[in-house]
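Colleague: test case, fold it:
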Amino acid sequence: MTNRETFSSRWGLILAGLGLAVGTGNLWRFPRIAAENGGAAFLIPWIIFLFLWSLPLMIAEFGIGRGTRRGVVGSFAKLIGSRYAWMGGFIAVTTIMVLFYYTVVTGWALKYFFVAISGGIPAGSPEAYWATYSHSVWQPVFFHLISVGIGAFIIQRGVVHGIERANRILIPILFLLLIVAVIRSVTLPGADRGLAFLFNPDLSALKSHKTWLEALTQSAWSTGAGWGMLLTYATYMRRNDDVVLNASTIGLGDNSASLLAGMAIVPTAFALLSNEEAQAAMASGNEGLTFIWIPQLFALVPFGHVFLPLFFLALFCAALSTLIAMIEFATRILMDGGVKRRRAVRLVASVVAVMGIPSAVSMTVFVNQDWVWGLALMISGLFIAIAVIRFGQDRFLNEFVNVEGNDLNLGRFYGWLIRYVVPAEFIAIFSWWVYAAVTAEGAKPWWNPTDPVGLGTCLLQWGVALSLLIYFNKGIAERSLHEEKGQL
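Modeller: Here you go, the predicted structure:
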């Protein structure tokens with residue numbers, strides 16, 4: 001086995017982890033998901049799931065990756081036996097399917113950066129501009145392809161020269177510009193109504209299964225819990241890097257970025273619209289929420305013509321920092337199978353370039369994929385917990401988490417969280433969702449796979465993926481445990 005690159009410092013690893021976690025899940029997805037699901041009420045389960053779902057799984061991913069030094073498929077085969085490689089395979093499929101449409105969002109941010117520089121976003125009708133752009137064909141495809149190319153270029157340069165160096169620049173810029181946006185947003189006349197919507201909860205929203213379902217999946221989507229990307233980055237950790245401290249810093253930093261994004265966007269909508277119009281805008285779940293309200297916000301800021309392109313540059317940087325983690329994730333899987341880095345990057349980039357086109361040209365496809373594979377993160381998280389349980393949660397804690405050099409160690413309560421709480425959360429939320437879908441009255445029955453945000457389309461796509469992975473498990477396991485020869 002060849003010498004493996006490692007992050008040069010703890011700070012480099014934390015910045016890379018923040019780059020992985022802090023992305024469009026914070027600046028694009030969180031504001032619309034929170035607004036669509038009751039605003040302040042949504043924050044309650046969202047924070048609960050950070051501590052009872054996402055952080056335990058993030059710690060597990062760091063421990064598995066550092067301990068096995070394999071990508072997500074090989075790590076499952078090495079940790080709990082080759083017959084479970086299909087579980088790691090499902091995590092891989094989930095993250096790669098998200099990658100296929102994530103590049104489209106990255107392209108949106110890049111497009112808006114260039115348009116903001118030229119002053120091409122009409123101040124009075126950014127909603128119409130968004131509708132025209134998002135329903136066009138060639139522009140979303142073009143910027144999707146550009147995003148894939150930039151991400152592949154960075155990953156091809158490796159860990160220290162590519163991932164770490166990029167995130168040392170991207171993450172500080174992102175947080176600085178978010179703070180500028182928040183300061184202006186909350187000082188707008190009428191912004192207090194938006195802050196009340198975001199922080200004064202109407203607890204009736206907690207009666208809906210959708211609020212809890214979306215809170216769990218948003219926490220996982222944003223922090224990276226269950227994606228396998230933290231596991232992949234952990235293969236490049238130094239042996240004495242602290243698993244608990246790194247996971248906690250990344251998780252809390254990610255949630256902070258989400259709250260800043262919400263405070264930049266939601267108060268702006270309330271400041272510029274009447275209560276009724278703002279409530280309707282928040283409930284619409286518009287995928288372009290960030291792209292509609294941020295231009296209007298910076299139109300009200302002194303030197304807004306300077307800050308607006310900087311914000312979309314920051315959004316692009318945030319998206320890119322997560323995108324490179326996704327590409328590295330897929331690249332690492334191929335490298336575990338014996339493919340050299342440069343060839344693996346080219347293969348991943350080529351597949352993503354082609355498979356991302358449907359989401360670039362069809363908003364229906366985009367919404368469907370975000371729904372299906374965002375919810376699949378529940379299953380991915382459960383599989384990570386199962387891997388720890390089968391290995392032995394106490395043994396895992398002693399051998400993979402509480403190691404020499406740690407600043408923070410965990411007690412046996414961590415094993416209790418993984419063994420009992422995480423599976424119980426999955427069963428409760430998943431069962432509630434299925435029951436609500438089966439008993440709901442609607443135009444389309446629950447099993448209908450043509451409903452882009454229904455239960456049927458999820459079961460169909462997950463079922464196909466799981467069936468193929470289980471059928472080809474033996475070959476997947478053998479390839480994932482291939483000896484590394486000259487890969488780096």
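Colleague: show me the shaky parts of the stretch 151-300 of the chain.
Modeller: Under the criterion pLDDT under 70, the flagged ranges of the stretch 151-300 of the chain are 158-167, 170, 281-287.
Colleague: can we see that at 80?
Modeller: 156-174, 177, 237-241, 273-290, 293-294, 296-300 (pLDDT under 80).
Colleague: which stretches of it form helices?
Modeller: For the stretch 151-300 of the chain, the helices defined by DSSP state H, counting those that start in this stretch cover 165-186, 191-199, 209-223, 229-234, 243-272, 275-283, 289-298.
Colleague: tell me which of the ones you listed sits nearest to residue 39.
Modeller: Closest to residue 39 of the helices of the stretch 151-300 of the chain, according to CB to CB: helix 191-199, at 4.4 Å. To be clear about C-beta, it is placed using only N, CA and C from the backbone, and glycine gets the same treatment.
Colleague: ok so, going back, and the helices of the stretch 151-300 of the chain as a markdown table, adding distance to residue 23?
Modeller: A markdown table is the format used below for those (distance: least, CB to CB, whole Å):
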| stretch | distance to residue 23 |
| --- | --- |
| helix 165-186 | 9 |
| helix 191-199 | 21 |
| helix 209-223 | 8 |
| helix 229-234 | 11 |
| helix 243-272 | 9 |
| helix 275-283 | 22 |
| helix 289-298 | 12 |
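Colleague: winner for burial among those?
Modeller: Comparing the helices of the stretch 151-300 of the chain by mean neighbour count (mean count of other CB atoms under 10 Å), helix 229-234 ranks first with a mean of 28.
Colleague: so how far is that helix off the chain centroid?
Modeller: With CA atoms, centre = their mean, to the nearest Å as the basis, helix 229-234 stands 13 Å off its chain's centre.
Colleague: from the contact counts, what lies against that helix?
Modeller: Other helices and strands packing on helix 229-234, by 3 or more CB pairs under 8 Å, 6 or more residues apart in numbering; DSSP states H and E, are helix 10-21, helix 55-68, helix 72-80, helix 243-272, helix 304-336.
Colleague: out of the ones you listed, nearest to residue 468?
Modeller: Per CB to CB, nearest to residue 468 of those: helix 72-80, 13.6 Å.
Colleague: buried stuff in the following helix or strand past the closest one?
Modeller: Counting by DSSP states H and E, the element after helix 72-80 in chain order, helix or strand, is helix 85-118. For helix 85-118, the neighbour count (16 or more other CB atoms under 10 Å) marks 85-113, 115-116 as buried.
Colleague: and the angle from helix 85-118 to helix 209-223?
Modeller: Relative orientation of helix 85-118 versus helix 209-223 (axes from the mean of the first three to the mean of the last three CA atoms, to 10 degrees): 80 degrees.
Colleague: now the helix or strand that helix 85-118 is followed by: mean pLDDT?
Modeller: Note on helix 85-118: by DSSP H and E, the next helix or strand toward the C-terminus is helix 126-134. Here helix 126-134 scores 84 as its mean pLDDT.
Colleague: now do the strands in the stretch 301-450 of the chain.
Modeller: For the stretch 301-450 of the chain, applying DSSP state E, counting those that start in this stretch gives no strands.
Colleague: all helices for it, in order.
Modeller: Under DSSP H, counting those that start in this stretch, the stretch 301-450 of the chain gives helices at 304-336, 341-355, 357-361, 363-391, 393-396, 413-416, 422-439.
Colleague: helices or strands up against the second one?
Modeller: Translated: helix 341-355. Looks like helix 341-355 contacts helix 85-118, helix 138-156, helix 304-336 (3+ CB pairs under 8 Å, 6+ apart).
Colleague: let me have these in JSON lines, extended by distance to residue 440.
Modeller: Conversion of the helices and strands packed on helix 341-355 to JSON lines gives the following (distance: least, CB to CB, whole Å):
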{"stretch": "helix 85-118", "distance to residue 440": "25"}
{"stretch": "helix 138-156", "distance to residue 440": "33"}
{"stretch": "helix 304-336", "distance to residue 440": "33"}
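Colleague: of those, which is nearest residue 215?
Modeller: Across the helices and strands packed on helix 341-355, the minimum distance to residue 215, taken as CB to CB, is reached by helix 85-118, at 18.1 Å.
Colleague: and the angle from the closest one to helix 304-336?
Modeller: Between the axes of helix 85-118 and helix 304-336, defined by the same axes, to 10 degrees, the angle is 160 degrees.
Colleague: how far away from the center of its chain is helix 85-118?
Modeller: Centre-to-centre, helix 85-118 and its host chain are 9 Å apart (CA atoms, centre = their mean).
Colleague: from what I can see residue 437 touches residue 457, true?
Modeller: No - counting by CB atoms under 8 Å, residue 457 is not a contact partner of residue 437; they are 11.0 Å apart.
Colleague: quickly note the distance from residue 417 to residue 425.
Modeller: 10 Å (CB to CB, to the nearest Å).
Colleague: quickly list what's touching both of the two.
Modeller: By CB atoms under 8 Å, 6 or more residues apart in numbering, residue 417 and residue 425 have these common neighbours: residue 52.
Colleague: distance check, residue 193 against residue 206.
Modeller: Shown here: residue 193 relative to residue 206, a distance of 21 Å by CB to CB.
Colleague: same question for residue 154.
Modeller: Using CB to CB, one gets 41 Å for the distance from residue 154 to residue 206.
Colleague: comparing these two, which residue is more hemmed in?
Modeller: A side-by-side neighbour count of residue 154 and residue 206, using other CB atoms under 10 Å, places residue 154 first with 21 against 16.
Colleague: distance check, that one against residue 350.
Modeller: Counting by CB to CB, the separation of residue 154 from residue 350 is 16 Å.
Colleague: once you drop chain neighbours, what's closest to residue 209?
Modeller: In space, and not counting its chain neighbours, residue 209 is closest to residue 432: 4.3 Å by CB to CB, 6 or more residues apart in numbering.
Colleague: my guess is that neighbour contacts residue 210. True?
Modeller: No - between residue 432 and residue 210 there is no contact under CB under 8 Å: 9.5 Å.
Colleague: could you check stretch 381-397 and say which residues are buried?
Modeller: 381-389, 391, 393, 396-397.
Colleague: dump those to JSON lines, plus pLDDT and distance to residue 36.
Modeller: Converted to JSON lines, the buried residues of stretch 381-397 look like this (pLDDT from 0 to 100; distance: CB to CB, whole Å):
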{"residue": "381", "pLDDT": "95", "distance to residue 36": "22"}
{"residue": "382", "pLDDT": "97", "distance to residue 36": "25"}
{"residue": "383", "pLDDT": "97", "distance to residue 36": "28"}
{"residue": "384", "pLDDT": "97", "distance to residue 36": "28"}
{"residue": "385", "pLDDT": "97", "distance to residue 36": "28"}
{"residue": "386", "pLDDT": "97", "distance to residue 36": "31"}
{"residue": "387", "pLDDT": "97", "distance to residue 36": "33"}
{"residue": "388", "pLDDT": "96", "distance to residue 36": "33"}
{"residue": "389", "pLDDT": "97", "distance to residue 36": "34"}
{"residue": "391", "pLDDT": "96", "distance to residue 36": "38"}
{"residue": "393", "pLDDT": "94", "distance to residue 36": "36"}
{"residue": "396", "pLDDT": "95", "distance to residue 36": "37"}
{"residue": "397", "pLDDT": "93", "distance to residue 36": "38"}
